[in-house]
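>>> sequence plus the predicted model coming up.
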Amino acid sequence: MSLVTETIVDPIAVVLDDADRSRVDQIARRLTGPRAEPVDDPAWVARARQAWDECPVGLRRPLREFRRDSGPHGSMLLGGLPVDHDQLPDTPSVAGSVQRAAAVPAAVLMMIAAGLGDPAAYRPEKTGALVQDVVPVPGKESFQGNAGSVLLEWHTENAFHPNRPDFVMLLCLRQDHEGIAGLRTSCIRTVLPLLSDEARDALFRDEFVTQAPPSFGLGAAGAVEHAVLTGAPEDPNLQVDLAATTARTDRAAAALTELQGRFNDAAQTLVLRPGDLAIVDNRVTVHGRTAFTPRYDGRDRWLQRTFVMADLRRSRHQRPSDGYVLV
C-alpha cells in the first residue's frame, strides 16, 4: 500500500494482517457465486449486513471508532482487503458502468458499508446501483466526474442534494499504468483555522448555489441557496463543489476563492493500490483526483464506489418501499 502526501499528515490507516485478510476473503466468498442474488437485491444486502458481524475485530473495531470520530483529516485508509485481483476481467470503459453480480469486491464493500451505516444510491446516478465502477471512459477525459482523467476539482459528493452520503467508499481493484493517479482529500477540520475571519463568516451564510448534474433532471429546481459551512462553528459540516458551486455576493466569491486555496494547502493524496479502501467522511471532507493518462487497453485504473448513510431513516421519503435507492 502506497501513501503519498502533499502535506505532513497523520491519516487513520489500518492494514489487515494475513489472518484477518484470509478471514474477510472467506466470508466475502460465501456471499458470491452463481446462485447469489444480485448486489442490489435487498435480500443480498441483508446477508452482507449479517456477514459483517463475522468479520474480524481488527476490521470492525477501527471502523466503529472512525464512524464515531473521523479524525482531523476526515478520511481512513484500509489496506490488505481481498479483491480477487487475479480473477478480474478487463477494466470497463463505458459510461455508467456498475457492478450487479455478487463478486468479492462488492461483498467487501457491502459488509463494510454495514459497519458504517447503510449503503445508498441515487436512481439518476449510475441507474441507482449500490456498487459503481469508477473508470476512465474514452471521450470523457476532461469530464469533471468519475469518468474523467483530468484533475478532478474539490467537491462534497452530491453537494446539491439535501440527503448527501455521509461516507464515500472507494475500493481499488486495479491501479493506473504509471501508478500516479491519486485520491486527494482535504478536511474542513484542518482548513478552518487557516481561514480569515471574513471568509469564515461568509461561508456560514446562505449566499451560495450548487447546481445538480443534468442526470438528476432537476433543472433550476436543483439550484438552492445554501451555506458552505453549517452546524457547530468549531466543527462545521461542509457542502461545496468547486466545479458546480457559485457565489451570490462578492464576499461569498472571495471566501470561495480563499477556501479553495486552503483546501490545496491542507491536501493529502492517497495513491491507492489493489486491496486499498479509502473512506471519506463526506460531511467534513472534500475529495478529488489527480490527473492520469488512461490507455483504454483493459488494464486502466479501476475503483469501485459505494455511498453510505449513517442515518438511512432521514431519507425515507425518497426511498420507495424502504429500499436503498433514492429517487
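Yep, it's here.
>>> centre of the chain versus the lowest-mean-pLDDT helix or strand in the chain, how much separation?
Within the chain, no helix or strand scores below strand 224-226, which has a mean of 86 by mean pLDDT, DSSP states H and E. Offset of strand 224-226 from its chain centre (C-alpha atoms, centre = their mean, to the nearest Å): 23 Å.
>>> same question for stretch 126-143.
13 Å.
>>> what ranges do the strands span in the stretch 51-200 of the chain?
Under the criterion DSSP state E, counting those that start in this stretch, the stretch 51-200 of the chain contains strands at 75-79, 118-122, 132-134, 152-155, 167-174, 183-187.
>>> right, so of the ones you listed, which gets closest to residue 235?
strand 183-187 (10.6 Å; C-beta to C-beta). The way it works is simple: take the backbone N, C-alpha and C, and place the C-beta from them, glycine included.
>>> partners of that closest one, with directions?
Using DSSP bridges, the strands paired with strand 183-187 are strand 268-270 (antiparallel), strand 285-289 (antiparallel).
>>> may I see the buried residues of stretch 77-86?
For stretch 77-86, the neighbour count (16 or more other C-beta atoms under 10 Å) marks 77, 78, 79, 80, 81, 82, 83, 84 as buried.
>>> any idea of the mean pLDDT for that stretch?
For stretch 77-86, mean pLDDT rounds to 94.
>>> and the contacts of it?
1, 3, 11-17, 20-21, 24-25, 28, 59, 62, 103-105, 108, 112, 171-174, 270, 274-279 (C-beta atoms under 8 Å, 6 or more residues apart in numbering).
>>> sorry, back to before: distance to residue 324 for the strands of the stretch 51-200 of the chain - can I get that in JSON lines?
Below are these laid out as JSON lines (distance: least, C-beta to C-beta, whole Å):
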{"stretch": "strand 75-79", "distance to residue 324": "22"}
{"stretch": "strand 118-122", "distance to residue 324": "6"}
{"stretch": "strand 132-134", "distance to residue 324": "13"}
{"stretch": "strand 152-155", "distance to residue 324": "23"}
{"stretch": "strand 167-174", "distance to residue 324": "14"}
{"stretch": "strand 183-187", "distance to residue 324": "24"}
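>>> can you check which of those gets nearest to residue 92?
strand 132-134 (5.2 Å).
>>> name the nearest residue to residue 154, sequence neighbours excluded.
Take residue 154 and drop its neighbours on the chain: the residue closest to it by C-beta to C-beta, 6 or more residues apart in numbering is residue 286, 4.3 Å away.
>>> quick one: that neighbour from residue 119, how far?
Residue 286 sits at a distance of 22 Å from residue 119 (criterion: C-beta to C-beta, to the nearest Å).
>>> any idea of the mean pLDDT in stretch 203-210?
Stretch 203-210 comes out at a mean pLDDT of 97.
>>> got the CA positions of that stretch in PDB?
Extracted in PDB, the C-alpha atoms of stretch 203-210 (Å, rounded to 0.1, in the frame of the first residue of the first chain):
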ATOM      1  CA  LEU A 203     -19.100  30.700   4.400                       C
ATOM      2  CA  PHE A 204     -21.700  30.300   7.100                       C
ATOM      3  CA  ARG A 205     -24.200  32.500   5.200                       C
ATOM      4  CA  ASP A 206     -26.800  31.300   2.600                       C
ATOM      5  CA  GLU A 207     -25.000  33.000  -0.300                       C
ATOM      6  CA  PHE A 208     -24.000  30.000  -2.400                       C
ATOM      7  CA  VAL A 209     -25.800  27.900  -5.000                       C
ATOM      8  CA  THR A 210     -24.800  24.400  -6.200                       C
END
